[in-house]
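*Asks:* Got a predicted model here, sequence first, then my questions.
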Amino acid sequence: MSEAQEQHVDRPGSEAPASAKSLGAVEDNGPLPRPGSEPSQTSADPTSQRSRRRREHEFALLDPVAKREIRRASLKAVCIPGYQVPFASRELPIARGFGTGGLQLTLSLIGPTDTLKVIDQGADASVNACSLRKLVRKVCPGVKTSEITSDATLIQTRHRIPEEPLTDRQVLVFQVPYPCPLVLVESNEQRRVQMHGESDYSKIFVKLYEDLARFQEITLSHRYPTAIHRHYVIDPSPIPRFDVPKLDHARCLHLFGAGREKKIYAVPPFTDAKPLEFDDIRFRVESFDVAGQRQACQRCGSAESYLNELIRPDGSRVWVCSDTAFCQRSRT
Amino acid sequence: MGYVAIKGGESAIEGAESVLEFLRSQHADQESPLSASQVQHQMHYLHSQVISEGALYDPELAALAIKQSLGDPLEAAFLLRAHRSTRPRVMETEPHDTSGLRLIRRISAAFKDVPGGQSLGPTPDYTHRLFRFELLEEDDQAFKEQLNQWLSLVAELDVESAPSSVPKVIDFLRQQGLLAAPENSGGQRPPFDITRQPLVFPLPRSARLAMMARSHAGSILAMAYSSMRGYGDVHPTVAELRVGYLPVRVPHPITGEPTEVGEVLMTECEVVTMFQAQKDGPPVFGLGYGACFGHNEAKAISMAILDRAMQNGEENGISHPSEDPEFVLMHIDGVESMGFCVHYKMPHYVTFQSDLDRLRAAQNVQHE
């Protein structure tokens, strides 16, 4: 931490502490930092001035205007549930595809009093989760991180919703590769925008019907199209179907950030989130049944969680929880 | 247990970082480290590619980016972009007239003799691509000798009589009534800032040009090449290609007078294309424009061709991918496409589990 404080200018008080509640009170970050306004600029040696200036940046890395823009887009997304708000996505020190949309939301929301949890595939120890957590710790001095789901005020996730139900004091930020569910059936974005506006999702229903006609099963596995508040259909990011029902009338705010595709959207708390289905063919989540038996986690014994299937050297299969924090907690 | 798929991610990352550092320094007992200035000066084209795709004109940082990324141009451009996100936008410059470019190279493929003359400048265009094996053995003295030879050559030239600015070829074409006036080419003030405004199609031409200016050299070349090969109808002629240093002026903070704050190396290209009907008046040539930071000729030409192709698509309907702004612009950014491509290396256990579930369910239905 001391290294981080040396390297980055901490501007306490310049940021609104962000949590679920501060979303409603977006504050100005104050004036833009002017070149020459920092004490280090008074140094007589121009080279050291130049290199020192380069190491400094705002709390949470992004320039204040960027953070304000992202917060405004987030507010709009909350006001129009499921609507994809375009924003001028910034480049970050992590690559596109690794969660730049989610990270921009996190950096725009986080304040020094927040506790952040980062998971990837449900696991805190997954490499990309480690990398994101490390970056946030480095650029947000004072922010705490935790692996315990209930301790976090802000959770950034890739591909999972935690097993433990979230509360109204928590914000769940999703990393989104494809924000638009209509991309399955329409490659042109301008046409897709019009279809969303008219709530015209007939082509997706046709796709689901064609699946049934050809395979007697809907082939969509994850990223299952979900109707929000009876109008916009969203791509809920590549969470498994298992997690989709958790979006419906949850107590927490769900924010979705697509960095490469430059969109932000939201499923606010206590909002309808219904996966697309037919009256006679209902939506179904993943099954972990083997020979009629619902498999349980080999580590914690849970028969309710989403499981990862592992192949043993002898070719047999075992199952463990994908949500490692949940698994840990169930065991202690 | 031993069946936790990913464990100790943090120490794995640290290990990967240190072995990457080893990859760079493994011959430190026989070699000296590359300096950023060596990269900037001796890797001229690589440096140009990175400064253009990084979209931040900072030659020193671009050189550092190349060194730090072990010479991967996509990673290097990405470092510049990531740094750019931490900087506020200070101001917007007025449009700059590129006739003030301090030229190092200027050619026209349209006219043998253009006012101001043609000047090949530094280019490998007409050099035979045969290895100069002596460069393998080049030492400090041989290197200095190269410089001295050039300096003695220049000493014999009459540098003073060289024109400080030369007229643009397209101005001549306009005077002849062969090109439409610039007002018709879709200028917009203030220009669209792709780093600060959401990209919502249809985009104005200024946004399209900005996206192409920082696009990946290879990607934009591939798109333009599809148009050249037959998936397009542009048939370009390079009216003018310029490489040089453009003085950058910004309003003085007190007087408001335009004040020179530095210069940027840039490449600029105008192509004219087969003529088109005008609503009111005789037909004229079409014009395509390309410009980018650094010395990137194939990129500037590609950009000019695609600029024209997309205007054709706008005017006459889209009949080829290169005329579709959404198709072209969303697929030419190297930082975005590279990032998304390499993300597939990350774990996808959860989604693949979900895929397994669907495949098995479908297989079971078939078995019944």
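*Replies:* Nice, I can see it.

*Asks:* Mean confidence (pLDDT) on stretch A:210-221, please.
*Replies:* Averaging pLDDT along stretch A:210-221 gives 91.

*Asks:* Kindly report the same for stretch B:12-31.
*Replies:* On average, stretch B:12-31 scores 94.

*Asks:* Does chain A have contacts with that stretch?
*Replies:* Yes - using CB under 8 Å from any CB of the partner chain, stretch B:12-31 comes into contact with chain A via B:12-13. Backbone N, C-alpha and C define where each C-beta goes, glycine included.

*Asks:* Mind listing what's buried along the helix-or-strand element of chain B with minimal mean pLDDT?
*Replies:* Lowest on mean pLDDT, DSSP states H and E among the helices and strands of chain B sits helix B:169-175, with a mean of 88. Within helix B:169-175, the residues that count as buried by 16 or more other CB atoms under 10 Å in any protein chain shown are B:169-170, B:172-174.

*Asks:* After it, which helix or strand is next?
*Replies:* The helix or strand immediately downstream of helix B:169-175 is helix B:205-213, counting by DSSP states H and E.

*Asks:* Spit out the contact partners of B:R106.
*Replies:* Residues near B:R106 by CB atoms under 8 Å, 6 or more residues apart in numbering or on different chains: B:116-119, B:121, B:166, B:240-244.

*Asks:* Tell me if stretch A:245-255 is near chain B.
*Replies:* No - on the criterion CB under 8 Å from any CB, stretch A:245-255 is out of touch with chain B, staying 13.9 Å away.

*Asks:* Span of that stretch from start to end?
*Replies:* Taking CA to CA, to the nearest Å, stretch A:245-255 runs 16 Å from one end to the other.

*Asks:* hmm, who's touching that stretch?
*Replies:* A:20, A:23, A:74, A:77-78, A:105, A:109, A:161, A:165-168, A:170-174, A:226, A:236, A:264-275, A:285.

*Asks:* again, but for stretch A:88-95
*Replies:* For stretch A:88-95, the external contacting residues (CB under 8 Å, 6+ apart) are A:61-62, A:66, A:69, A:100-101, A:103-104, A:107, A:131-132, A:135, A:258-262, B:78, B:81-82, B:84-85, B:193-199, B:335, B:338-339, B:342-343.

*Asks:* same check, this time on stretch B:9-17
*Replies:* A:125-131, A:134.

*Asks:* and with 7 Å instead?
*Replies:* Stretch B:9-17 is contacted by residues A:125-127, A:129-131 when judged by CB atoms under 7 Å, 6 or more residues apart in numbering or on different chains.

*Asks:* And the buried ones among the residues you listed, selectable in ChimeraX?
*Replies:* Here is the ChimeraX command that selects the buried residues among the contacts of stretch B:9-17 (16+ other CB under 10 Å):
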select /A:125,126,127,129,130,131
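
*Asks:* At which residues are the helices of the chain located?
*Replies:* The chain I'm using is chain A. Ranges of helices in chain A, per DSSP state H, are A:2-7, A:46-55, A:64-79, A:100-109, A:127-139, A:189-197, A:202-215, A:324-331.

*Asks:* oops, chain B please
*Replies:* B:9-25, B:36-42, B:44-54, B:59-68, B:73-84, B:140-155, B:169-175, B:205-213, B:217-229, B:297-316, B:325-329, B:334-343, B:349-367.

*Asks:* Out of those, which is closest to B:L265?
*Replies:* helix B:44-54 (7.2 Å; CB to CB).

*Asks:* Span of stretch A:227-237 from start to end?
*Replies:* End-to-end distance for stretch A:227-237: 13 Å, by CA to CA.

*Asks:* same deal with stretch B:316-330?
*Replies:* 21 Å.

*Asks:* can you check stretch A:179-197 too?
*Replies:* 15 Å.

*Asks:* what's the distance between that stretch and the middle of its chain?
*Replies:* 21 Å (CA atoms, centre = their mean, to the nearest Å).

*Asks:* buried stuff in that stretch?
*Replies:* A:179-182, A:184-186, A:189, A:192-193, A:195-196.

*Asks:* Please determine whether that stretch lies in contact with chain B.
*Replies:* Yes - contact of stretch A:179-197 with chain B (CB under 7 Å from any CB of the partner chain) involves A:188-190.

*Asks:* Identify the residue nearest the residue of the stretch 151-300 of chain B found nearest chain A in space, chain neighbours excluded?
*Replies:* The minimum distance from the stretch 151-300 of chain B to chain A, using CB to the nearest CB, falls at B:P198 (3.4 Å). Among residues not flanking B:P198 along the chain, A:P86 sits closest, at 3.4 Å (CB to CB, 6 or more residues apart in numbering or on different chains).

*Asks:* which residues sit in contact with that neighbour?
*Replies:* A:262-263, B:198-200.

*Asks:* how close does A:T113 sit to chain B?
*Replies:* A:T113 sits 23 Å away from chain B, going by CB to the nearest CB, to the nearest Å.

*Asks:* before we move on, back to that, is it correct that the residue of the stretch 151-300 of chain B closest to chain A is in contact with A:E261?
*Replies:* No - counting by CB atoms under 7 Å, B:P198 stays clear of A:E261, with 11.0 Å between them.

*Asks:* Between those two, which is the more surrounded one?
*Replies:* A:E261 (22 against 15; other CB atoms under 10 Å in any protein chain shown).

*Asks:* and of the contacts of A:P86, the nearest to B:M303?
*Replies:* Of these, the one sitting nearest to B:M303 (CB to CB) turns out to be B:L199, at 17.4 Å.

*Asks:* can you give me phi and psi for the residue lying closest to that closest one once chain neighbours are set aside?
*Replies:* Leaving aside its chain neighbours, B:L199 sits nearest to A:K262 (5.8 Å; criterion: CB to CB, 6+ apart). Backbone geometry at A:K262, expressed as degrees, to the nearest 10, gives phi 60, psi 50.
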